[in-house]
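Participant: Need a 3D model of the sequence below.
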Amino acid sequence: MREVTASGQSVEEAIQSALEQLNLSKEEVEIDVIDEGKKGFLGLFGSSLAVVKVKEKKNYIAETEEFLQNVSKNMGVDVEITTTIVDNHVTFQLSGEKIAILIGKRGKTLNALQYLTQLVINKDGRNFHSVTVDAEGYRERRKETLIELAHKMSDKAKRIKRKVALEPMPAYERKIIHSALQDSNEVTTYSDGVEPHRHIVISPKDNI
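Facilitator: The predicted model follows:
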């Protein structure tokens, strides 16, 4: 990270000098006031300049993008990354040839990559960011598949009048199933088991 020490007649003047040298805005730096300075008698005698140390903040987004690039490259996939930030949620959209390698069977590789990415972006523990790592719109397609599965398994549970257990899924996929059936008057859903084998159970309400 770049840093400079600058001085001025006031702290603000010293800070402004440092920002100009770094070509950064105040929001992009960390500021350490070393000496607030003093005006001295009649503004002349015994005066001293204010001194500040200004350091460029870590760019966690850029570091995380670099992490994704490196992991993808090590897996034999060159990717382009489009990053979207909404409040504290960051979405990294990956695109490129052989993207299926990064998705894996039923998104398992992509889910693991998302988990690691969240660890990387939050490694300093200062400002928590939630993360979505997507690959050419896979998440939306998977969501549609899960909603379709939810209704299909709901129909099965009603038909056989017994509980139906789905395969283990990560928490955010289980949430999609719960949401898809939350307004049903005929079935209820709940999660059962221990990670990484936690799964959804769909039960006819007559069986509760």
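Participant: residues in contact with the residue minimising distance to the centre of the chain?
Facilitator: Geometric centre of the chain, nearest residue: Val131, 2.1 Å, by Cα atoms, centre = their mean. Taking Cβ atoms under 8 Å, 6 or more residues apart in numbering, we find Val131 in contact with 89-92, 114, 117-118, 121. Any C-beta I mention is one placed from the backbone N, CA and C, and that applies to glycine too.
Participant: pretty sure it belongs to a strand, no?
Facilitator: Yes. Under DSSP: H, G, I helix; E, B strand; the rest coil, Val131 sits within a strand.
Participant: Which positions within the strand or helix carrying Glu144 qualify as buried?
Facilitator: Take DSSP states H and E as the rule and Glu144 turns out to sit in helix 138-160. For helix 138-160, burial by neighbour count (16 or more other Cβ atoms under 10 Å) applies to 138-139, 142, 146, 149-150, 153-154, 157-158.
Participant: quick one, helices of this protein?
Facilitator: For the chain, the helices defined by DSSP state H cover 11-22, 60-74, 100-103, 108-121, 138-160, 171-181.
Participant: With respect to Val11, which of the contacts of Val131 is nearest?
Facilitator: Comparing the contacts of Val131 against Val11 with Cβ to Cβ places Ile121 closest, at 32.2 Å.
Participant: Tell me how far that closest one lies from Lys58.
Facilitator: Taking Cβ to Cβ, to the nearest Å as the measure, Ile121 falls 11 Å from Lys58.
Participant: what does Met153 give?
Facilitator: 45 Å.
Participant: returning to that earlier point: wait, which of the helices of the chain is closest to Ser48?
Facilitator: For Ser48, the closest of these is helix 11-22, at 11.7 Å, according to Cβ to Cβ.
Participant: So for that closest one, what gets flagged as buried?
Facilitator: Those would be 11, 13-19, 22, for helix 11-22 by 16+ other Cβ under 10 Å.
Participant: Equivalent analysis for stretch 24-33, please.
Facilitator: Buried-residue list, stretch 24-33, by 16+ other Cβ under 10 Å: 24, 29.
Participant: pLDDT value on the spatially closest residue to Arg106 that is not a sequence neighbour, please?
Facilitator: Of all residues not flanking Arg106 in the chain, Arg142 sits nearest, at 7.9 Å (Cβ to Cβ, 6 or more residues apart in numbering). Note for Arg142: predicted pLDDT of 93.
Participant: And the helix holding Glu144, what does it pack against?
Facilitator: strand 164-165, helix 171-181, strand 187-192, strand 199-204 (3 or more Cβ pairs under 8 Å, 6 or more residues apart in numbering; DSSP states H and E).
Participant: which regions of this structure sit below the pLDDT cut-off?
Facilitator: Low-confidence segments of the chain, defined by pLDDT under 70, span residues 1, 40-46, 125, 207-208.
Participant: Quick check: can you list the domain ranges of it?
Facilitator: Residue ranges for the domains of the chain, per automatic domain parsing: 3-56, 60-136, 141-207.
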